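> below are the sequence and a predicted model for it; my questions follow.
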Amino acid sequence: MQINAERLQHFFEVSSEIGKIGETGMCRPAHSPLEKKMFEHAKGWMEAAGLTVRIDSFGNLIGRLRGKNQDAPILMTGSHLDTQPYGGRFDGIAGVLCAIEAVITIAEKGIVPDSSIDVIAFADEESWRFNKGLFGSRGILGKLEEGELQRQDKDGITREQALFDFGCDITRFKDDEYAPGSIRCFIELHIEQGPILDRTNKPIGIVSGIAGPLLLSLNLKGMAGHAGSVPMPLRKDALLGAAKVVVAVNEIASQFTPAPTVGTVGTLNVFPSSRNIIPEVVNMTMEFRDIEMARRDTCERQLKDEIEAIAQTHGLTYELTVDTDIKSSYCADWIKDTIRASCVDLGLEAPELVSGPFHDALVMSDACDYGMIFVRCKDGISHNPLEYASYEDLALGSEVLYLTILNIVG
Ligand SMILES: [Zn+2]
C-alpha cells in the first residue's frame, strides 16, 4: 500500500474528538468554531506536505497541489467536514481525510501531477443548520440563490452572520468561483450510507449515479381553539392535516417499490404545542428522491393533489415551498473505468451501485465529469452515532483514490 494507513487513522482519531457527542457521535455544525478547529488541523496536515491551503469566502477549505501545467483544468477531490447534529464520525469526513492522505502521499513521493489537484472540504453539505445545504459546492459554481444568506438557524443567526463569524468575506464570492471549464473532473469518496456493500461483503463500491433530491417545506395553517370545547366537525386542526400528509408521502413513494424511489417527512414543528390547544400551525419538511426523474415528478404531482385535498377537508390554508430540486446524475464512464482499474490493481472486486443520498458530487456534476468511490459501512447505518467504517476499509478507499488520481493526472 502506498498511502500511510497509520497516519490516516490518526486523522480520523483527531477528527472524532472535535464535536464529539457521547462515545461515538458527532455534532460539527457548518461554519462553526468546531468546524474551524477541524479545518485548522486539516490545513496543517496539507501544508506540511507542501500544499497551498486557504479557506475561501464560502467557508470551503481548499488545499492545492500544484501541477506541471498550472493553466490546465484541475482535478478536484474531497467531500465535507460538517456533520449532522446527531451524526457519525465518517459521513463526509471520510472523503476529505482519505483525499488528504492520497494527495499528500503524491506530494511526498515528489510526483508533480500534469495538472493541479485541489483537495476540498465543502462548506455546509449537510443542510440542517439553515435548511439548505450543498452551500460550498453551489458557491464555487456561482449557484447560490437570491436571499439565501438571510436564512436563519434555530438561534436566529443568519448565514451571512455565520460566514462573517467564520472569517469569510461575502463580497469576495465572485473571486472564489471556479470559471467554467476550469475543473476537469471531481472525485468524491464517501461511506455508502446503505447496506449493500456490507451485505455482499465488499469493502469498496463504484457509484453509477446519484438520485436527484426534491426537498420541500410545507406550512399548514388552521385555527387554534380549546381542546375541550370545540366540537370535532368545527375544528381546523393543522396537525391532523400534517399527519395525513406524512402518510401520503409514505404511500406515494411506496407505490414504486422495488424501485429506489424514497419519500420522507423529516421534521414537524407544531404551534403552539400545548396539550390543550388545537394545533394552529405545522411547519414540516419532506422529500422525494429517485434516479428516474419521471417517477419523481409523478410523486410530486400526486403529493400536491393530496395536500390540496387534505387542506380542503380540514379547512386549512397552506404554502408549499421547494427548497432544493436537483436532477439525478450519472457518473462518467471513463472515471468509473479508472476507479475499477485501480480496484483490480488491488485485487478488489468492486460492485456498481446507485447513491440514494446526495453529495456535493451531484452539484459538481453540472460543471464537470465526476466519479464516486463508496466505502462499506457497518449495517449501512449513517446519520447516527452508530455509523462505523473500519480503518482497514478506509485505507483501501484512500489507496483506490490515490491510484485513480495518479492514473488521471500522474
Ligand atoms: Zn456526506
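It's in. Residues are numbered from 1 along each chain as shown.
> and this structure, which of its residues are near the ion?
For the chain, the contact set with the ion under C-beta under 5 Å from the ion comprises 91-92. Every C-beta, even on glycine, is put in place using the N, C-alpha and C of the backbone.
> which helix of the chain spans the most residues?
As assigned by DSSP state H, the longest helix anywhere in the chain is helix 293-314.
> just give me how far that one sits from the chain centre.
Centre-to-centre, helix 293-314 and its host chain are 26 Å apart (C-alpha atoms, centre = their mean, to the nearest Å).
> which residues touch the residue of the stretch 51-200 of the chain found nearest the ion?
Nearest residue of the stretch 51-200 of the chain to the ion (C-beta to the ion) works out as residue 92 at 3.8 Å. If you count contacts by C-beta atoms under 8 Å, 6 or more residues apart in numbering, residue 92 has them with 79-83, 125-126, 190.
> turn those into a markdown table, columns for neighbour count.
Compiled in a markdown table, those are given as follows (neighbours: other C-beta atoms under 10 Å):
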| residue | neighbour count |
| --- | --- |
| 79 | 27 |
| 80 | 31 |
| 81 | 27 |
| 82 | 32 |
| 83 | 31 |
| 125 | 24 |
| 126 | 20 |
| 190 | 28 |
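> residues in contact with the residue nearest to residue 139 when sequence neighbours are not counted?
Distances taken as C-beta to C-beta, 6 or more residues apart in numbering place residue 58 nearest to residue 139, at 3.5 Å, with adjacent residues excluded. Taking C-beta under 8 Å, 6+ apart, we find residue 58 in contact with 123, 135-136, 139-140, 163, 168, 173, 176.
> just the strands from the stretch 51-200 of the chain, written as ranges.
52-55, 61-65, 74-80, 117-122, 183-191 (DSSP state E, counting those that start in this stretch).
> now the third one, how far from the chain's geometric center?
The one in question is strand 74-80. Chain-centre distance of strand 74-80: 14 Å, with C-alpha atoms, centre = their mean.
> between the two ends of stretch 102-114, how far is it?
16 Å (C-alpha to C-alpha, to the nearest Å).
> now it: buried residues?
For stretch 102-114, a neighbour-count test (16 or more other C-beta atoms under 10 Å) marks 102-107, 113 as buried.
> swap in stretch 372-392?
Buried residues in stretch 372-392, counted by 16+ other C-beta under 10 Å: 372-378, 380-385, 387-389.
> from those residues, which land in strands?
Within those, residues falling in strands by DSSP state E are 372-375.
> any chance of CSV for the residues you listed, columns pLDDT?
Below are these laid out as CSV (pLDDT from 0 to 100):
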residue, pLDDT
372, 98
373, 98
374, 98
375, 98
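> contacts only, for the nearest residue to residue 329 once chain neighbours are set aside.
Distances taken as C-beta to C-beta, 6+ apart place residue 365 nearest to residue 329, at 4.0 Å, with adjacent residues excluded. Neighbouring residues of residue 365 by C-beta under 8 Å, 6+ apart: 186, 210, 329.
> ok, and the closest non-adjacent residue to the first one?
If I follow you right, that is residue 186. Spatial nearest neighbour of residue 186, excluding adjacent residues (C-beta to C-beta, 6+ apart): residue 364 at 4.0 Å.
> distance of the one you found from the ion?
13 Å (C-beta to the ion, to the nearest Å).
> can I assume that residue is in contact with residue 76?
Yes. Using C-beta atoms under 8 Å, residue 364 is in contact with residue 76, at 7.3 Å.
> domain parsing for the protein?
Split into domains by automatic domain parsing, the chain comes to 5-210+328-409, 212-325.
> what's the most buried one of those?
Most buried of the domains of the chain by mean neighbour count (mean count of other C-beta atoms under 10 Å) is domain 5-210+328-409; its value is a mean of 20.
> can you give me the end-to-end span of it?
End-to-end for domain 5-210+328-409, by C-alpha to C-alpha: 23 Å.
> before we move on, what about stretch 22-31?
Termini of stretch 22-31 sit 22 Å apart (C-alpha to C-alpha).
> assign residue 353 to helix, strand or coil.
Put simply, residue 353 is strand when judged by DSSP: H, G, I helix; E, B strand; the rest coil.
> for it, give the beta-bridge partners.
residue 207 (DSSP bridges).
> alright, that wraps it up for me.
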